[in-house]
Structure formats: structure tokens, C-alpha cells
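>>> Just need the structure, nothing else, for what follows:
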Amino acid sequence: MMLEIKELETGYGKKQVIFGISLEIEKNEIVALIGPNGAGKSTVLKAVCGLIPVWKGEIRLNGIPINGPYPAKNVARGITFVPQGSRVFNDLTVTENLEIGGFTLPPKELKGRIEEVFQMFPVLRDRAPQEAGRMSGGEQQMLAVARGLILRPKLLMLDEPSLGLSPGLVDAIFKKISQISKDTGSAILIVEQKIHEVMDISHRVYSIKLGKVAFTGFPEELKGNKEKLKQLFL
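Reported below is the predicted structural model:
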């Protein structure tokens, strides 16, 4: 098992947001986290990467406990978190953004890793000398994901990668995420509001509601089940 979360409780300050959530992700698996806004989906990702502390419960990566606010250590362990909103350095070039993603690597190895992501995202090679802030929203999102892949993560966590994208670009980014899973073998945990699109590429689905797991199962159990989806989102 790549990632195991057992009875996780956490929140911000004195406000508890997550109430005893448990979930698992196997190697080479894409798992979707869905649910209404404010349910706690992004909070789960932040707890896994160490941006917020674990109050109770346990998080394990490849069987090793990783509880604690240690984002840098978790990056070294193989966890990459791509937050929502096309988070790129606007005044830096595409290449410089990618270099930041691999700043811990020796120069020669970093160059090879950048070439790898250029092969995954050919449009970024074409934009390599361009400032990231001058790219389209879809290209910036691809850059954010590509930067997250520089360290060849064991676990890639994506927070609403479709946010702000046109329907055509949404389709393109989800196809790319599916291809990344096949090409790299990374486990992928993805928070997404485009539920039908994300279920098309996911192996399993967890739905979170009011900080608790309201559903766990396969996408096929939810596709076309309007009544069940309505219960999960209301």
C-alpha cells in the first residue's frame, strides 16, 4: 500500500475540519476525492504533505509513519503536492519554474529530469524561454503539474487541476493525468469538482462530507446514479 490514512483528525487552529477519515491508495492507482465545497478534501492533502499537523490518527507512506509538519522531509520521501490555482512563478521562465521543482538535484540530473517532463508536455518545451505569467491558464496548469513531477514522486497529489480551465482544456489535463499514471507509476490522489471527468480516469473514489468519509467504492457505482450523487453533495 502506497498511502494509508487511519482515523485522521485535523483542522486549523481550534477549528476541527476532519473527523476520523481513513483511506488507502495502492501503487499505480488514481484515487479521487470528491464532495461539496468546504467538506475537507484539500485539508486531507495538506495533512498528508505536512502543511498542517495531524491531531489524531496516522498517515503512512509505504508503511512508514509520516505524521508531523515536515513538508521538506515528505518531499524527500516522494510526496508532491500541486495546490489549486495554477501556482507558478509568473516572472520566471518555464525552464526556471521547472528548475525550482528540482532544486535538490545535481545539475546534470536536473537537466535530464526537465527533458523527461518536456517529453510528457511538448507545449512546455515550445514555451521554455517564455515567462510563465504570459502563458494561458491551461499551460500554467500543465507547468504546475510538470514541476511536481521533476522529483519522480511516489505519490502525486493534485488539488482541483481543472480549476478555471475551459472544457477542452479540462479534457486535455485529465487525459494527461491518466497518462502520467501509466508512464511514471506514481500513485495519484486528486481532489476535483469535475466529478464525471475525474471518475473517468480514477480507479476508486472517496467522497467526503462534513469532514467524514460518506462513500468509498468504484466510479462505476456512482456514474449515472444521480440520486446517490445528490446525497453526497447536499
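>>> from here on, contacts and neighbour counts on C-alpha atoms
Will do.
>>> quick one, strands of the chain?
3-12, 15-25, 30-34, 56-61, 64-65, 79-82, 155-159, 187-191, 204-209, 212-217 (DSSP state E).
>>> who wins for proximity to Met120 among these?
Nearest to Met120 among the strands of the chain is strand 155-159 (15.4 Å), distances taken as C-alpha to C-alpha.
>>> Please save the CA atoms from that closest one in CSV.
Output of strand 155-159 as CSV, limited to C-alpha atoms (Å, rounded to 0.1, in the frame of the first residue of the first chain):
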residue,chain,number,x,y,z
LEU,A,155,2.7,10.0,-4.6
LEU,A,156,1.4,12.9,-6.6
MET,A,157,-1.4,14.9,-5.0
LEU,A,158,-3.4,17.3,-7.2
ASP,A,159,-5.9,19.9,-5.8
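>>> List the strands paired with it, with their directions.
strand 79-82 (parallel), strand 187-191 (parallel) (DSSP bridges).
>>> could you give the angle of it to strand 56-61?
Angle, strand 155-159 to strand 56-61, by axes from the mean of the first three to the mean of the last three C-alpha atoms, to 10 degrees: 120 degrees.
>>> So what touches strand 155-159?
For strand 155-159, the surrounding residues in contact (C-alpha atoms under 8 Å, 6 or more residues apart in numbering) are 2-3, 42, 45, 78-84, 148-149, 186-192.
>>> ok so, going back, tabulate the strands paired with strand 155-159 (CSV), appending mean pLDDT and distance to Asn28.
Formatted as CSV, the strands paired with strand 155-159 follow (pLDDT from 0 to 100; distance: least, C-alpha to C-alpha, whole Å):
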stretch, mean pLDDT, distance to Asn28
strand 79-82, 94, 14
strand 187-191, 97, 5
